[in-house]
Every structure is written in C-alpha cells, then in structure tokens.
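[1] what shape does this take:
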Amino acid sequence: MKLSNKITGLILALIVVLSLGVSTLFMLQKQGYHEDELLTYNLANSSKQLEMGEWSDVGDFTEYLAATEGHRFDYAQVVQNQIIDASHPPFYYALVHTVCSLFPGVFNRWLAYVINLVMMAISLLLLFRVGKRVTNNNLYALIAVGGYAFSIACVTTTVYLRMYATLTCFVLAFLALTLRIYDRGKKVKLTDMLMLLPAVTLGVLTQYYFILFAGLIGLVFLILSIRERCVKRLLIYAAVAIAGAGIALAIYPHIISNVLGGNRGLGSLEISVDAITIFTYVVYKLGTYMQLLAKDLFLNQVWFLALCTGLSLGAWVYFRFVRKEKMPRRGLFIFVPAVVYFFFIALVSPFNSDRYVMARHALLPLRQDQSL
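    Residues are numbered from 1 along each chain as shown. Got it, this is the predicted structure:
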C-alpha cells in the first residue's frame, strides 16, 4: 500500500499533534518534580548556587529556580553554573534560561516544557524523514513515527524536564543529514555541510552521549564510503564533523575534563570487581535495561519485547535467505548505532534509568520496520 505525499503529510501532522497532546495531558496530571528537574531550573537561572537547606524565604526560592531581573539573559552565569556542576554542557540550560528570562521571577513547569514540545515535534518530523529515506515508503515511515509517538518512551522524554528531548532532536538531525549526504553518492553539496556543522556543534553542547551516537553513525558512514570509494565525500564529511566538535570545544573547553573525569563521562566506567563479578554485572545491567526497554516501548511486557524481537529476526531471515533480498545499506545507519549505543550505555550509565537511552528509543521502531 502506497500513500500520496499529501495524505502522508496530513497523517504525519495528526500524529505529531496527538502525540504532543497526549504528553501535555500527562504533564497536566504530573505531580511534583524530580530533583534533577529542579536542578534544571537552578543551573539555568541561579546566580548564587544556594543549597536546598539554605533557603530562608520566598526570595531565596525564587532566586534558586527563576530568572531574576538582575540576571535575565545572563548566559555567562549559565556557563559558570555548568562549570561548577561539571556534568553537562551548557546549551540546553541556555535554552531554559532564555525562556525563563522572558518571564522574570516566574517558576513553573511549562517554561521548560515548551522547549521539550518544540524539540519533540521536530524529532517526530525528523524520524519520518529518516524512515522515508531508509524504507523509501511513506507508510512504513508513518508506522515508525506512530510506534514511537504514542509510546511511553516518547511521553517520558517529553514530560521529563531535562535535556533528553533536545538530545533526541540533535541525534535525529545528525542522522537525517548523514543519510542525505550518503544518498548523494559522490556529489557533495555545500548546503548539506552548512546544516551538518551546527547540528554537530549544538549536539555536543547539549549532552555528551551525543558524541557516542554521532561517532557510531559516522563510523558506518566511514566504512560505507571507503567501500563505495567516495573518499572526497568522506573527507569533507569528517572535516565538517570535526570542525563542529572543535567549535563546541572552543565555546566550552570544559568538555574534555567533563568527558574524561565527570560522573556522566568516562568517569562512570568504574566498576568494583571486588563486590561483584564482571559477568554478573553485565547480566544485571543488560537485564535491567531490557526491562526498561519493555516498559517504555512494549507495554511493560518483557514477553512482548521478546516476541517482537523474534518476529523481526524471523522476518530478516525470510527476506535474506528465502527471498534473497538484502537489507539496504541505509539500514546499517539505524541498526548498528542503535544496538551498540544501547548495550554500551546500559553498561556504563551511572544509574539504571531510561533517560540515558532516550535518544536510542526513537530509532527502535525503524529497526523493526526495516525487516518489512
């Protein structure tokens, strides 16, 4: 079954509106804040870095969480707060600070939520573009978008007032641009590279896990470009990506110390083999993240995850060995980064939380659809 572009556009718009509407309904019912959500507002707005126990009046509370008159659009303070926290780069917090600065002295959940809404809307559109480019079919791309748009993973990413919706957006933007560049073959267009540059820069400045995901996508691009003898394209692509990362490093030099020593970078790799064997650790971490995956995308049913995985593998075997149809090389841009990223993050994440694989969640439906 094929859908016209007009009908596809209408269905896609409906999916996006309904998905964001569902997330907003959950947001209306949301009670309280996760401590890290309060930290979002603090790191974006505070000029004093007050401790929770030091609050003495309403003014302290406002200063801790809201943009105040003397510090509206104070991006130097935003950067300074991230240097003190030493966990994340500053771009997302700058976005939150910008919105909060438009409403000085105001603190509420909607100020940060509007950023997530915009980023998730863009993410769903990008997910469709990726699906369309990989499958070359509007229907399959819509199935992929719908499967993610109405999942717990999408809702959680949208209502959680942290940088993960923004991270998902930049990961999908980088992937969509990489696929676009790959599809041009040996032809290189300046406009593609001009869009790739800010995607890399802002992705790195949003969350450090972007570096891993983008690196895996780039690795697939590297291998395929060498195999297809598109050396010029590869060199330009690599130069632009490195330049984007270099710009991010110039803006925020603390990236290196954060990645190498922070509790969200390589510093989280520490494993105490005296307390638990490596084998037990790996089984425990992977099992935990499989349960999180089932909760977010498979109705909290591990058996449903196993069934869908089995059906996907069965479909791949059928198409590959019975019908002799190979998966398009574009599919490698989905399959390899998603799988490697999931298992790596599951092993090194400092906490067992779905937040660390939120960007990967958006690509899972595409991996399943690719076997069609």
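[2] quick check, pLDDT for the residue nearest to P89 when sequence neighbours are not counted.
    Nearest residue to P89, sequence neighbours excluded (CB to CB, 6 or more residues apart in numbering): L205, at 4.5 Å. Every C-beta, even on glycine, is put in place using the N, C-alpha and C of the backbone. pLDDT for L205: 97.
[3] and for L205, the neighbour number?
    Using other CB atoms under 10 Å, L205 is surrounded by 25 other residues.
[4] now for it: which residues touch it?
    89-91, 248, 251-252 (CB atoms under 8 Å, 6 or more residues apart in numbering).
[5] which strands or helices does the strand or helix carrying L167 pack on?
    Per DSSP states H and E: L167 is located in helix 164-183. Counting contacts by 3 or more CB pairs under 8 Å, 6 or more residues apart in numbering; DSSP states H and E, helix 164-183 packs against helix 91-101, helix 109-135, helix 152-159, helix 190-204, helix 209-227, helix 231-251, helix 332-348, helix 358-361.
[6] what's the closest non-adjacent residue to M358?
    Using CB to CB, 6+ apart, the closest residue to M358 is Y164 (4.2 Å).
[7] quick one: that neighbour and Q207, what's the gap?
    7 Å (CB to CB, to the nearest Å).
[8] V322 now?
    42 Å.
[9] with M120 instead?
    15 Å.
[10] so L127 sits against G147, correct?
    No. Taking contacts as CB atoms under 8 Å, L127 lies outside contact range of G147: 9.7 Å.
[11] just want to know which of those two has more residues nearby.
    Remark: of L127 and G147, L127 carries more neighbours, 27 against 19, as counted by other CB under 10 Å.
[12] could you measure from the most centrally placed residue in the chain over to M119?
    The centroid of the chain falls nearest to T168 when counting by CA atoms, centre = their mean (2.4 Å). From T168 across to M119, the span is 7 Å (CB to CB).
[13] now swap in L347 and tell me
    27 Å.
[14] looking at these two, which is more packed in?
    M119 (24 against 16).
[15] pull the contacting residues for the more buried one.
    165-166, 168-169 are the contacts of M119 under CB under 8 Å, 6+ apart.
[16] from those, pick the one nearest Q80.
    T166 (20.7 Å; CB to CB).
[17] assess the claim that the closest one and I115 are in contact.
    Yes. T166 lies in contact with I115 (CB under 8 Å); the separation is 6.9 Å.
[18] need the overlap of contacts for those two.
    92, 95.
[19] buried ones in the helix or strand harbouring N81?
    Using DSSP H and E, N81 sits in helix 75-85. For helix 75-85, burial by neighbour count (16 or more other CB atoms under 10 Å) applies to 77-79, 81-82, 85.
[20] helices and strands around it, which ones?
    helix 35-45, helix 91-101.
[21] what do you get if the cut-off is 6 Å, keeping everything else the same?
    helix 91-101 (3 or more CB pairs under 6 Å, 6 or more residues apart in numbering; DSSP states H and E).
[22] can you pull out the residues in contact with the helix it packs on?
    The contact list for helix 91-101, computed with CB atoms under 6 Å, 6 or more residues apart in numbering, reads 43-45, 67, 72-73, 75, 78, 111-112, 115, 163, 166, 202, 205-206.
[23] same question for stretch 39-47.
    64-67, 71, 77, 81, 85, 93, 96-97, 100, 112, 161-162.
[24] and those residues, which two are furthest apart?
    H71 and R162 (21.8 Å).
[25] quick one: distance of stretch 14-31 to the chain centre.
    How far stretch 14-31 lies from its chain's middle: 19 Å, per CA atoms, centre = their mean, to the nearest Å.
[26] also stretch 311-330?
    The answer for stretch 311-330 is 28 Å, by CA atoms, centre = their mean.
[27] could I get the average pLDDT for that stretch?
    77.
[28] swap in stretch 250-260?
    90.
[29] can I get that stretch in PDB? Just the C-alpha atoms.
    Once non-C-alpha atoms are left out, stretch 250-260 reads as follows in PDB (Å, rounded to 0.1, in the frame of the first residue of the first chain):
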ATOM      1  CA  ALA A 250      36.100  26.300  21.800                       C
ATOM      2  CA  ILE A 251      32.800  27.600  23.200                       C
ATOM      3  CA  TYR A 252      33.000  25.300  26.300                       C
ATOM      4  CA  PRO A 253      36.600  23.900  26.800                       C
ATOM      5  CA  HIS A 254      35.500  22.000  29.900                       C
ATOM      6  CA  ILE A 255      34.000  19.300  27.700                       C
ATOM      7  CA  ILE A 256      37.300  17.400  27.900                       C
ATOM      8  CA  SER A 257      37.500  17.400  31.700                       C
ATOM      9  CA  ASN A 258      33.800  16.500  31.900                       C
ATOM     10  CA  VAL A 259      34.000  13.600  29.500                       C
ATOM     11  CA  LEU A 260      37.200  12.200  30.900                       C
END
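[30] may I see the buried residues of that stretch?
    Within stretch 250-260, the residues that qualify as buried are 252, 255, 258-259, counting by 16+ other CB under 10 Å.
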